[in-house]
Every structure is written in C-alpha cells, then in structure tokens.
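# here is my input; please provide its structure:
(2 chains)
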Amino acid sequence: MTLAVFFGCSFIAFGPALGLCLFSVVREPLRVIILVAGAFFWLVSLLLSSLVWFIAVKASDPGDEPLQKGLLIFGVLFSVLLQEAFRFLYYKLLRKAIEGLVALSEDGCSPISIQQMAYAGLGFGLMSGAFSMINLLADALGPGTVGIHGDSQLYFLTSAFMTMVMIFLHTFWGILFFHGCETQRWWEMVAVIFTHLIVSGLGSRVRQAPSQDPEGPSGALSLSCSLPALPALWCCQLGPTVAFSAISFLFSVIGGPPFVPAGGRCPGAPAARE
Amino acid sequence: MWLGESAALGRVSTICLRISKHSLNIWPHISTVRKALYEKLMMIIFMNSSDSEEEACNERTSLISADSPPAASYQDGLQAPEAAETQTYRKRRTGGSCSPSDADGGNSDSGIPVREIAVDDKEEELTLKYGAKHVIMLFVPVTLCMVVVVATIKSVRFYTEKNGQLIYTPFSEDTPSVGQRLLNSVLNTIIMISVIIVMTVFLVVLYKYRCYKFIHGWLILSSLMLLFLFTYIYLGEVLKTYNVAMDYLTLFFVIWNFGAVGMICIHWKGPLHLQQAYLIMISALMALVFIKYLPEWSAWVILGAISIYDLIAVLCPRGPLRMLVETAQERNEPIFPALIYSSAMVWTVGMAKQDAASRSLTQQTWDSAEDVREIHDNSAYVESEISEARSPAPTHPTTSLLEDLEEEERGVKLGLGDFIFYSVLVGKAAATASGDWNTTLACFVAILIGLCLTLLLLAVFKKALPALPISITFGLVFYFSTDNLVRPFMDTLASHQLYI
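Predicted coordinates for the structure are as follows:
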C-alpha cells in the first residue's frame, strides 16, 4: 500500500479532530489536560471491559463460533455501557475540579465552563479513534494488497471514515451527556447511551455482499453533516449540536454497515500483524 | 547546566513550580533522584540536582553559565520573582535544599522542602492556574523525548537487537523455564539497585568531603562521552538503516560540531531552546541504550524497583539523597542541578546585566560519578561509569527593576532521569509489544496522566514528591493490561469492523 493511502486515511480519520484540537484546545493548558484526562478515562473503561471479555472468552469453548460471536457482542455492549459510566464519572470529577477552581479564583468565576469541559468527549473520541485506526495505518505503510482474497477493497477507507464519525460522535455525546447531567435532563443521557449502543451494535449485523459503490457518498454525507456541528460546538449551542449529531449518526448507520465485507472478516490487518 | 553522566538511576530530578512575580513564594519541588547505579551500568546519567527556583528564570535568557567552582556561579542572571522577598527568601531557599542531588550511582529521591512564604488565596489560585501551564510545559518535552525514542525504536533495528548485556545485569534470560527467568531478572534488579545505592552513598561521601573538582571533572568526562560517542553510534545506526553513505570527514565535522555546541550549551551558556533540545536528545540517547542493553523481564522489574526506591528515598528521612540535601543546607550551599530540564516562560529584559553582579555568591559543589563507557565490539559486556554533577545554585538577583520587567512565572524543572525512565518505559512498550501501537499509546497517556497527578499532588501537599512512582506504576499497569487484555479485544473488534 502506498503513502497516499496512509496519509489519506489518517487525514480522513483524524483531520477534523486535529483541526478541533489545533484551533480550540492547544492554546489553553487546562483544555489540554482535560483532553488527556478524557483519553485516560476512556482507556480505563476499555481496559475493564476487555478484562471482562477476556475472562468470558477464556472460560468458554474457543471452537464454538456462534458463542464467540455472541461473547463479542456482549463485550461490545458491556464496553459501551462502561464507557458511558466512565463518562459520568469524569463529569463528576470535572464538577469537583470546577468547584475547586471557582473557590480559588478571585472573582468567583471559573476559568473554564462546563460546556468547554465537554471537550472531554473529544478526548474519548480521539482515544477511541486512535485505538481503532493506528494499527491499520501502520499496516497501510507496509506491503500488501487490500482485498486480495475477495474481501472489500475499501477496508481502509471505510475504517477511516468510521473512525472519523466515531470521533465526532464521541465529542457530541460528551456535550450532550454533560448538558444532560448539568440540567438534570435524564432523557439526554439515555439518548446518548441508546445511540451509542446502536452505533456500536451495527457491526454485528450479518453483511450482504459488499456494495460496489463505496462509502464515498455515505461517508461524505456523514462528514458534511458532522461539520456544521462544529461551529455549534464552539458556540456550545445545544440544539444544533443535537441535530447535527443525530444526522451524522444516521449516516453512520446507513453508511457503515454495508461496507463491511461478507462474512464479517476484514482483509488483512490483524493477520498481517501476526 | 552541567551535563553529567551518571547511572540512570542516579538522577535527581526536580520539578519546581514557579509562581508568578506577585510575591509568590511557593516553591514546591518534586525531586526524584535517579539511581546512578542504573545508569552506571550502561549509560551516562545526567545528574540533575535541582536548583533553587531562580534557575528557571535565568536559563530562559540563555545565560546559564556553568562555571567551575572557583568561578562565578553557574547560573546567570537568575532573577527572583519578587525583589522584595528576594533577600529573605533567597536565604531560606539557599538554606533549604531546593534541589536534590543524586548520589553517585544511587537513585535517591530527595524531598525538597517547599518553601512557602506568604501564601494567600491569590497565590493559591495562581498556583493552580500556573499549575496547568507548568503541566503543559512538562508535557511537551516529555512527549518530544518519547516521540524520538519511539521513532528510533520503530525504525532503527539496532536498538531492538540483543547484543549482550551490561555487567550489572549478569544473569541471562535465555533460560527455558519461566521460574528461572523470573529469578534471574529479580537477581539482576537486586544487583542494579545495590550498585545504585552504593553509588549514591559514594556521592554523598564525596560531597561531604568537598571533592568538588573530582566530581566536576567526572561530570565533564561523562557528558563528553555521551555527546560524542553515543551520538556517533546513533548516527551510524540511523545512516545504516536508511542506507545513506557518509564519508568520515563529514561525519567528523557533524559530530564535532554537535558535541561541541552541546557541551557549551549544557555546561556553559546557550539559547534556552537549544539547551532544552540537547537535553531531550541526551535523554533519548540514554533511554535507547537502556532499552537495548537491558534484558526484557529485567527491564520491567528494574522500572518497578526504581519507582519503589524513588518513593522510599524521597519520603523516608534516612535516604542518602536526603542526607545530601541536608548537608547542602548545613553548608548553606544551594545544590545545583547538573542535569535538569528547565523551561522558563518569559524573556526578561536586562537579565544579562544582573548576571555579573549577582553571581558567585555560592559555592559549587560537584558530585560526579563518572561513567566511562567502553564498547567492545566483540565483547558481550559494556562497562560504563556514571557521572553525576551538581552545580551550585545560582545567585539571586537583587534588582527590583528587573522584577518589574518580568512578566510571568518562571519555568518548571524536571530532572533528566525522569525523562529517561519515562522514555525507557514507552520505548520498551514500542519494542516488545507484538508490533502493536495501542500499547505504546496507552503507556504514553498513562505516563502523562501520572505526571499530571504528581504535579497536582505537589500543589496539594506542597512538599517534595518523587516524580517517578505514579507515572511508572500507571505505565506498567497499562502496558501489561493493554498487551494481554486489550489487544485481543481490539483485534477482534477490528476484524469485524466494530467500533466502540
């Protein structure tokens, strides 16, 4: 695979997040710390859910395919629930931090508002995207042909687009979740958890034959609907954020699954590494 | 700044949080002394004895001079943030040990007493506010060092090949049985830590008996070896990897300039960013040598043991580093950081003028454990000596004018030993984690969060704390759990194109 694939996929996957970071995060030290701490919390939640999945897999029969698939789905759902739990924990931690900052400040105003602290969602998203995509990108630099065994040739592209969408979704979910916690609107939190479960559970569907026309349109639509959410994000306007995140979520639903190759195995990447 | 070569273990790192000019007198320090012993084994360790806070400001103006004991003080034009409190504050700081010094070959983390003067709410808020900036000022160099190490590990195969071991880790790990291998690694660790303790005690003795010249010379030799020999090896391996031919004349020219400018920047005066870059390069080089020459299991056990040692040495009253610091206090000498990364914030106008006037008030103490590294091409062992140096604390400027000109807070300091051990952890993760980038990322985030937590604890407890334990603990936990638990999970998810 070529450098073009590597750079193209990495910028598709991380470009918007990089723009978000460059323009709004790197200038404020507190936001950088919140971002890194958000990544850390996501990591811890992933660790715990992997532990649970690992124990379940080791305790079960490795040859039983449907059982393994079922355990994987269970692992995914458990991981999603744990991620949201850790998002809530992180919210609690940030509340305490804001109270501390307010107590220490001269004029009783905190240097960072809870809306800005929803950048924690970006931390979640970046870490999630990095864990999904970095190994693929490293493999994209090496030799190989995508889809040589009849699988989809668009594996890298679809992964890049899905990663981008997931980063956006995590960011929006962070904002919505924090807003729900702040204003005690439980339906927002439930909506976040629900949509997260749906998006993550999408891949478990049995795929049809890979679509011929690529995810280009769907991915582009996904992207274009996520983009307007960004200015809404900056202004911390909840309504537009909800709307655009819903649209991008819809497009990830439509665009993601059809491009997973039949049989559910994707070419190369894990095998190449082993 | 003096660059001393010392065992990896014998490093003192100090994190000083400087508060801004508004008569902020909070000087929390985090100091960790790395074990010289560790480095002694392989590389040259830079000993940073953290200096009083003034260093940060002076270094910013690139007038950090490292002079020999009889000469003027090491640091140029360090300005105290507040002129008014300067005198009394200076005395207090001088009296107390601001910088921990590494004993030879021993890693001791000295707790540096935090001086708090006139803390009020405003200052506390400033502490927290500036705390975030200081955290970022440490994030950047630590990240850069790790990036250099990981990039080298992933591309240059030399540093992941097994070409022998240090004499300080004599037990081989080639045994087939797991128990034997574990036993060997534990024995290696015990030997390492003992050597470090011995070196630390030796350094304390040297310091107590004022063998400054000896230490000074040792430090210079160590940094010479590091800057020239290790750079030569590194450059050779990089050129081999990318199949670039370079004639000896060009090589000599490049290495000579690199090394000479490095010596000048680190030990005498130089632009701040250049100095920081050299310190990062040196830390990366040393970390690479450690990654190469430590056997796998031994490396992890040693990392864990060093953090525990750090914790004990800083928090227990009988540690050699603490004795070192107390001796420095008794003599009313500030302990200069031989190897400390510092980042100042603001360029202060007129700093240069102050240097001449304010220097040479304190003696310089030189502790050096020198490491001479001999590399035998065919031999399996490498001997190295570690040198550590501590430079005397800079004098304090007295003008209030300059203080007015100063804008913001001083920089933060972190010992090079911390850089090295963080990079060793991340580099080992990159080298041995089944080609998996997730493990490297996880260790990186864990170390950054550990550093952040350490600084937060520092701001809360306002006393000296070791910088290694939390980060290394997080790093180790995340390494083993990501490599064994998360990797199969993520691989399975990726193969089914599931996103969580």
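# the residue most central in space within chain A - nearest residue in space that isn't next to it in sequence?
Central residue of chain A (C-alpha atoms, centre = their mean): A:M166, 3.2 Å from the mean position. Leaving out its chain neighbours, the residue that sits closest to A:M166 by C-beta to C-beta, 6 or more residues apart in numbering or on different chains is B:Y499, at 4.9 Å. In short, each C-beta sits where N, CA and C put it, glycine included.
# so that neighbour sits in a strand?
No. If the criterion is DSSP: H, G, I helix; E, B strand; the rest coil, then B:Y499 is coil and not within a strand.
# give the contact list for the nearest residue to A:G8 once chain neighbours are set aside.
Spatial nearest neighbour of A:G8, excluding adjacent residues (C-beta to C-beta, 6+ apart): A:A160 at 7.5 Å. By C-beta atoms under 8 Å, 6 or more residues apart in numbering or on different chains, A:A160 lies in contact with A:G8, A:C9, A:S10, A:I12, A:A13, A:M133.
# which SSE is A:A160 in?
Using DSSP states H and E, A:A160 sits in helix A:155-182.
# about what we covered before: out of the contacts of A:A160, who's nearest A:P66?
A:P66 lies nearest to A:M133 out of these, by C-beta to C-beta, at 28.7 Å.
# A:F14 is in contact with that closest one, correct?
Yes. Between A:M133 and A:F14 there is a contact under C-beta atoms under 8 Å: 7.5 Å.
# quick check: neighbours shared by the two?
Joint contacts of A:M133 and A:F14 (C-beta under 8 Å, 6+ apart) are A:T163.
# please say which of the two ends up with more neighbours.
A:M133 (27 against 21; other C-beta atoms under 10 Å in any protein chain shown).
# got a pLDDT number for B:M351?
Note for B:M351: predicted pLDDT of 40.
# isn't B:D483 right next to B:W437, touching?
No. In this structure, B:D483 is not within contact of B:W437 by C-beta under 8 Å, at 11.7 Å.
# count of neighbours near B:V254?
B:V254, neighbours per other C-beta under 10 Å, totals 14.
# measure it to B:V238 for me?
Separation of B:V254 from B:V238 (C-beta to C-beta, to the nearest Å): 12 Å.
# export the contacts of A:A160 to JSON lines and tack on pLDDT and secondary structure?
Below are those laid out as JSON lines (pLDDT from 0 to 100; DSSP: H, G, I helix; E, B strand; the rest coil):
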{"residue": "A:G8", "pLDDT": "93", "secondary structure": "helix"}
{"residue": "A:C9", "pLDDT": "94", "secondary structure": "helix"}
{"residue": "A:S10", "pLDDT": "94", "secondary structure": "helix"}
{"residue": "A:I12", "pLDDT": "94", "secondary structure": "helix"}
{"residue": "A:A13", "pLDDT": "95", "secondary structure": "helix"}
{"residue": "A:M133", "pLDDT": "92", "secondary structure": "helix"}
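# only whichever of those are buried, select them in ChimeraX.
In ChimeraX syntax, the buried subset of the contacts of A:A160 is picked out as below (16 or more other C-beta atoms under 10 Å in any protein chain shown):
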select /A:8,9,10,12,13,133
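# buried residues, the helix holding A:A160. List them.
So, applying 16+ other C-beta under 10 Å, buried residues of helix A:155-182: A:155-181.
# and stretch A:142-155, by the same measure?
For stretch A:142-155, the neighbour count (16+ other C-beta under 10 Å) marks A:V146, A:G147, A:D151, A:S152, A:L154, A:Y155 as buried.
# got it, and stretch B:148-160?
Of all the residues in stretch B:148-160, those buried under the rule 16+ other C-beta under 10 Å are B:V148, B:V149, B:V150, B:T152, B:I153, B:K154, B:V156, B:F158, B:Y159, B:T160.
# again, but for stretch B:274-281
Within stretch B:274-281, the residues scored as buried using 16+ other C-beta under 10 Å are B:Q275, B:Q276, B:A277, B:Y278, B:L279, B:I280, B:M281.
# pretty sure A:N135 sits against B:T439.
No. Here A:N135 does not reach B:T439: they are 10.4 Å apart, not a contact under C-beta under 8 Å.
# quick one, which of these two is more surrounded?
When A:N135 is set against B:T439 and neighbours are counted by other C-beta under 10 Å, the residue ahead is B:T439, at 25 against 22.
# coming back round to it: so which of the contacts of A:A160 comes closest to B:Y234?
Distances from B:Y234 to the contacts of A:A160, taken as C-beta to C-beta, are shortest for A:S10 (27.7 Å).
# name the helix or strand for B:K413, please.
B:K413 belongs to strand B:412-415 when assigned by DSSP H and E.
# tell me what that strand is packed against?
Using 3 or more C-beta pairs under 8 Å, 6 or more residues apart in numbering or on different chains; DSSP states H and E, the elements in contact with strand B:412-415 are strand B:12-16, strand B:29-33, helix B:54-60, helix B:121-155, strand B:340-343.
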